[in-house]
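Enquirer: dropping the sequence and predicted coords here.
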Number of protein chains: 4
Amino acid sequence: MTTDAAPDHLYHWVVTLSCTDGPGIVHAVSGAIVTARGNITESQQFASLDTGRFFMRLQVESPAARAELEAALLPVTERWSMSWHLDEVGRPLRTLVLASTAGHCVNDLLFRQRAGQLPIEIPLVLSNHGTLRDLVDFYGVPFEAAAVTDADEKAAFERRVLDAVDEFDIELVVLARYMQILSPELCAALAGRCINIHHSFLPGFKGANPYRQAHARGVKLIGATAHFVTSDLDEGPIIEQNVVRVDHSRSPSELVAIGQDEESRTLSQAVKWFAERRVLLDGARTIIFR
Amino acid sequence: MTTDAAPDHLYHWVVTLSCTDGPGIVHAVSGAIVTARGNITESQQFASLDTGRFFMRLQVESPAARAELEAALLPVTERWSMSWHLDEVGRPLRTLVLASTAGHCVNDLLFRQRAGQLPIEIPLVLSNHGTLRDLVDFYGVPFEAAAVTDADEKAAFERRVLDAVDEFDIELVVLARYMQILSPELCAALAGRCINIHHSFLPGFKGANPYRQAHARGVKLIGATAHFVTSDLDEGPIIEQNVVRVDHSRSPSELVAIGQDEESRTLSQAVKWFAERRVLLDGARTIIFR
Amino acid sequence: MTTDAAPDHLYHWVVTLSCTDGPGIVHAVSGAIVTARGNITESQQFASLDTGRFFMRLQVESPAARAELEAALLPVTERWSMSWHLDEVGRPLRTLVLASTAGHCVNDLLFRQRAGQLPIEIPLVLSNHGTLRDLVDFYGVPFEAAAVTDADEKAAFERRVLDAVDEFDIELVVLARYMQILSPELCAALAGRCINIHHSFLPGFKGANPYRQAHARGVKLIGATAHFVTSDLDEGPIIEQNVVRVDHSRSPSELVAIGQDEESRTLSQAVKWFAERRVLLDGARTIIFR
Amino acid sequence: MTTDAAPDHLYHWVVTLSCTDGPGIVHAVSGAIVTARGNITESQQFASLDTGRFFMRLQVESPAARAELEAALLPVTERWSMSWHLDEVGRPLRTLVLASTAGHCVNDLLFRQRAGQLPIEIPLVLSNHGTLRDLVDFYGVPFEAAAVTDADEKAAFERRVLDAVDEFDIELVVLARYMQILSPELCAALAGRCINIHHSFLPGFKGANPYRQAHARGVKLIGATAHFVTSDLDEGPIIEQNVVRVDHSRSPSELVAIGQDEESRTLSQAVKWFAERRVLLDGARTIIFR
């Protein structure tokens, strides 16, 4: 990340912040932006009645480099005890992808990343199978596979995940149909920066083979949910959901294929919003500043 | 239902049938149609791999009146031990509506019925509240209200339902946000001809105040499911589902309003398909011949 | 509109404004809100790269009555030469409805208005046919019909529209399938406060009987567009659009029925957003602060 | 295509046919299926009121090889002067892809083909640019590029298309964002077996840079249309359409990215239905037996 530039260079900053709600916050924040010679090009805010928290996301054009903007914001963030983050718009987020054998989500992420549609960089794909090596190789992304068939191998794999997070200064871990349950310790270590995708149905089905259950009930809509990973399996805060219509003529295997399309596009959408700093946590809910 | 007409009158028949699957069924059915001087104008079929049943729906134009068509079909329906039904296309289905205080579904049904979009007639609306009397009166439909606040009143109300079913030769009972659980006996008596509507979420939520739960999880899609009533509450075969996108800024009461829109249109769609004989039961699933 | 209240009464204000974009606007506006003891509960803004205009919508809770809030805002609105509007959240917008013979849009507006889902009041429905009198009567809304079959009758009808706009201090005119072309003079007089609904197809069809043309091309999606009325027929700024999927089996008359559903819900949605002051004009485009 | 097999081998056939509508067709066709020891597993039909044509698609399981089934059908197809086609379910359709520089549609087709979701084989990708060579190479598909910058090069490119159609016995040509207008001669040569994709808007926009025009009108829905190529540019029979919602905050370039997603999935869907013999032509319309 560059921090100096020609005098007339305009930085494009993204600021996200949250704090206990109260009067005067917007005025104080916008005052700091004025101080740092910034022009607000995008701004969204939300006051949560559930938690009493206030959330804000701004995009700011300014000749001010990071130090100047931070200095202007500091009194405000301290005054309201804010959680906050400052970044450059479009900076690629360092993203670790975990995969198993299914390629649809990995392919969608890699293709969109290369097409410039996803502001991420992927220094590594880790998998518990070698199946996707050729696909990942094609995109020039390093790939490592290690079997996870017992507790020792699982512990080793999770250590490798944490090492990679350190080694590459990872900001986001994406479970792109990684079909293993993470340990509570790994969930905790990655809290708020690990996104999972799974199928969704109306109504929901618990237990094994949900597509078969959905077929048996004659479900008319199937879809996918992208959510943050918590130790409460598949119950983390929801980031994005999509559904598509199906009918009685679809076999369980066709439902799977249809569901995979929804998984791919839903996961990529969630990753995009996260990378653009549009996803904020409000207790068990997400605020999405689309 | 008229059964004779001028010699050159063309009847428009709808035939639905189901039986154990096997070769030759379509040939035999279409042969009977030829025998009855009929031309098939619409035909749909489905062979269920789950139950081994074969389902068919035909629309047939023919100068043949009911007796002639029945006579032609009889050898076929007996040969394959078919469940079958013969009706005139567009004949209004005699429909009993049960309501409580919420008017959105009742209004939608009545308006569409009068606008000619729903092939039903409604001889009576029964409610456990008087709230909707004016609305129903406006459409010139008889309305009866009786409180259901204890077991005796509930039993009396359900007897009135069954009496009305007999009195008006009711073919379909619609629970248009009728907020009472039907007794297992009533569910059994109305099996396969009673449609309910309820809200739906991804994922599903059990228990009281699901809109509040959905809000708490930050659900991004809310919807509605129309299904047949069985004694297993809200778990009957699904007829139709719809969803609509919501975001974090919606309050629980806004989610309710949005959900009501989905309920209205989903219920009316399910009633329309049922009245057009497009809904067939295959075990716990529905076949929808749209 | 009340302007005084008990000391601890909290008003809920909605402020909309637009001006030439530049640094410091948000800071100045939020400062005025602080001055007027307000807390911002909802805020949206947009800087248009097309026109260089800045748009903002705020909801503000404050003990300040109108005069105090206006006084606080005045220096800011003058400094930036703003177009601006101040209103109470939820105040019903005085709305004149124009209709012809089709009832679907009128019914939807009246039902939602009474159900509390549309913050409007309707002092009058004007029609060039008597067809909808009973429906409008049921909702207790005055109804006037006058034929429009020649130039004189059209001129008289349009004078009645303008008189009613004056008489009832009308803020919004809704063309609920009013099947007459407004004169350029009436379009000009109602600029920015008159909403029309019409069917939409992919691709678009010009000329008579578009549903028949859409059928002939085998269109797979039909929909509706709600837009502001301008003298350029059906080409005004778009407020809302919806589509629904159809297939080859639909007759032209079925396409009409499906299209009407989309018209109803699209028009009601557009009216709701307008009444909530969520629709701002940016040249030939609308900004929708959903 | 194998035509003999072990005695107990079950073939899975797909039969499509069309003819002038009249009584007895279904009976005759199903009789031929019985004669050929077939069981109908899927059947759809449609009688077009526009053209008076009857259309049918059947899937049939039978121990009969091609010759036996053809012999059984011949008397029926001759008696009704049918257009008809017999194929094995799932046989990959020989598909030639034409591309330019945009990779989204080509990537989607290749990925789905390899994932087993598209019953096609692609012996060649022809392009007027070399841009996509690496992508196509990765999937092991031959790739040829030749510039098309003047009339001579265009004629040469089109000759190569026709040669490739002959050489590989091509059944379908897909224009996967091939940004050249085909000559009327090539359109005629590929009539009924060449599918194009283009963006779609509500309302439609003619002329250059439609995304910019859509942006200027503040369009709320953008989408894509897959259609057969005719010499009447972008006006051929529609196969599939999709739309997605956008708002005022989207720049023209973001609209392009969103539109590309719709293009990819709409084109792949149209190709899938065509390859499964679900797309029949009825004058200027398509019948889609989904």
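Expert: Received, thanks.
Enquirer: what residue in the stretch 1-150 of chain A comes nearest to chain D?
Expert: In the stretch 1-150 of chain A, the residue that lies nearest chain D is A:Phe138 (4.3 Å; Cβ to the nearest Cβ). For every residue, glycine as well, the C-beta is placed using N, CA and C.
Enquirer: residues contacting the closest residue to chain C within the stretch 151-290 of chain A?
Expert: Closest residue of the stretch 151-290 of chain A to chain C, Cβ to the nearest Cβ: A:Arg245 (8.3 Å). A:Arg245 makes contacts with A:220-221, as judged by Cβ atoms under 8 Å, 6 or more residues apart in numbering or on different chains.
Enquirer: do you know how far it is from A:Val161?
Expert: Using Cβ to Cβ, to the nearest Å, A:Arg245 is found at 37 Å from A:Val161.
Enquirer: over to A:Pro92?
Expert: Taking Cβ to Cβ as the measure, A:Pro92 and A:Val161 are separated by 20 Å.
Enquirer: neighbour count winner among these two?
Expert: A:Val161 (22 against 13; other Cβ atoms under 10 Å in any protein chain shown).
Enquirer: which strand or helix spans the more buried one?
Expert: Under the criterion of DSSP states H and E, A:Val161 resides in helix A:151-167.
Enquirer: with just CA atoms, put that helix into PDB.
Expert: Extracted in PDB, the C-alpha atoms of helix A:151-167 (Å, rounded to 0.1, in the frame of the first residue of the first chain):
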ATOM      1  CA  ALA A 151      -8.000 -36.400  14.100                       C
ATOM      2  CA  ASP A 152      -4.200 -36.100  13.700                       C
ATOM      3  CA  GLU A 153      -4.500 -35.200  10.000                       C
ATOM      4  CA  LYS A 154      -7.300 -32.700  10.900                       C
ATOM      5  CA  ALA A 155      -5.200 -31.000  13.500                       C
ATOM      6  CA  ALA A 156      -2.200 -30.900  11.100                       C
ATOM      7  CA  PHE A 157      -4.400 -29.400   8.400                       C
ATOM      8  CA  GLU A 158      -5.800 -26.700  10.700                       C
ATOM      9  CA  ARG A 159      -2.300 -25.900  11.900                       C
ATOM     10  CA  ARG A 160      -1.400 -25.400   8.200                       C
ATOM     11  CA  VAL A 161      -4.400 -23.100   7.800                       C
ATOM     12  CA  LEU A 162      -3.300 -20.900  10.800                       C
ATOM     13  CA  ASP A 163       0.300 -20.900   9.600                       C
ATOM     14  CA  ALA A 164      -0.800 -19.800   6.100                       C
ATOM     15  CA  VAL A 165      -3.000 -17.100   7.700                       C
ATOM     16  CA  ASP A 166       0.200 -15.800   9.400                       C
ATOM     17  CA  GLU A 167       2.500 -16.300   6.500                       C
END
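Enquirer: same for that helix, what does it pack against?
Expert: Here helix A:151-167 touches strand A:93-99, strand A:120-127, helix A:184-189, going by 3 or more Cβ pairs under 8 Å, 6 or more residues apart in numbering or on different chains; DSSP states H and E.
Enquirer: now those in a markdown table, with mean pLDDT?
Expert: Shown next, in a markdown table, are the helices and strands packed on helix A:151-167 (pLDDT from 0 to 100):
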| stretch | mean pLDDT |
| --- | --- |
| strand A:93-99 | 98 |
| strand A:120-127 | 98 |
| helix A:184-189 | 95 |
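Enquirer: of those, which stretch is the most buried?
Expert: strand A:93-99 (a mean of 23; mean count of other Cβ atoms under 10 Å in any protein chain shown).
Enquirer: that one near chain D anywhere?
Expert: No. Figure legend: strand A:93-99 not in contact with chain D (Cβ under 8 Å from any Cβ of the partner chain); closest approach 14.6 Å.
Enquirer: need the contact list for the nearest residue to A:Arg278 once chain neighbours are set aside.
Expert: Nearest in space to A:Arg278, with sequence neighbours left out and distances taken as Cβ to Cβ, 6 or more residues apart in numbering or on different chains, is A:Phe289 at 4.6 Å. The contact partners of A:Phe289, by Cβ under 8 Å, 6+ apart, come to A:44, A:46, A:55, A:57, A:278, A:280.
Enquirer: can you report how many residues lie near the first one?
Expert: Think A:Gln44. A:Gln44: 21 neighbours (other Cβ under 10 Å).
Enquirer: so it sits in a strand?
Expert: Yes. Assessed by DSSP: H, G, I helix; E, B strand; the rest coil, A:Gln44 belongs to a strand.
Enquirer: distance of A:Lys53 from chain B?
Expert: Rather than Lys, residue A:53 is Arg. 12 Å (Cβ to the nearest Cβ, to the nearest Å).
Enquirer: next up, the contacts around that residue.
Expert: A:18-21, A:47, A:282.
Enquirer: most neighbours among those residues, which one is it?
Expert: Most surrounded of the contacts of A:Arg53: other Cβ under 10 Å gives A:Ser18, at 23 neighbours.
Enquirer: tell me what it is bridged to.
Expert: A:Phe55, A:Ser83 (DSSP bridges).
Enquirer: how near is it to chain C?
Expert: 15 Å.
Enquirer: so what's that residue up against?
Expert: A:53-56, A:82-84, A:280, A:282.
Enquirer: just the buried members of these?
Expert: Listed as buried from the contacts of A:Ser18 are A:53-56, A:82, A:84, A:280, A:282; burial here means 16 or more other Cβ atoms under 10 Å in any protein chain shown.
Enquirer: got those residues as CSV, with pLDDT columns?
Expert: Shown next, in CSV, are those (pLDDT from 0 to 100):
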residue, pLDDT
A:Arg53, 94
A:Phe54, 95
A:Phe55, 96
A:Met56, 96
A:Met82, 98
A:Trp84, 98
A:Leu280, 96
A:Asp282, 92
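Enquirer: can you redo those residues as CSV with distance to C:Phe157?
Expert: Shown next, in CSV, are the buried ones among the contacts of A:Ser18 (distance: Cβ to Cβ, whole Å):
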residue, distance to C:Phe157
A:Arg53, 54
A:Phe54, 51
A:Phe55, 51
A:Met56, 50
A:Met82, 59
A:Trp84, 59
A:Leu280, 53
A:Asp282, 53
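Enquirer: A:Arg265 contacts A:Val243, doesn't it?
Expert: No. A:Arg265 lies out of contact with A:Val243 (Cβ atoms under 8 Å); the separation is 11.5 Å.
Enquirer: quick check on the two: which one has the bigger neighbour count.
Expert: A:Val243 (24 against 21).
Enquirer: flag every residue of the stretch 101-250 of chain A that's near chain D.
Expert: A:103-104, A:107, A:111, A:115, A:117, A:138, A:249.
Enquirer: can you list the residue ranges for helices in chain A?
Expert: A:25-35, A:66-79, A:104-114, A:133-138, A:151-167, A:184-189, A:210-217, A:252-275 (DSSP state H).
Enquirer: work out the gap between the fourth one and the centre of the chain.
Expert: On the basis of Cα atoms, centre = their mean, to the nearest Å, the separation between the geometric centre of helix A:133-138 and that of its chain is 23 Å.
Enquirer: shaky segments in chain A?
Expert: A:1-7, A:202-208, A:233-234 (pLDDT under 70).
Enquirer: domain parsing for it?
Expert: Following automatic domain parsing, one finds the domains of chain A at A:11-88, A:93-288.
Enquirer: and the residue of the stretch 51-200 of chain A nearest chain B?
Expert: Counting by Cβ to the nearest Cβ, the stretch 51-200 of chain A gets nearest chain B through A:Ser200, at 4.5 Å.
Enquirer: that residue contacts A:Ala226, correct?
Expert: No. Using Cβ under 8 Å, A:Ser200 is not in contact with A:Ala226, being 9.8 Å away.
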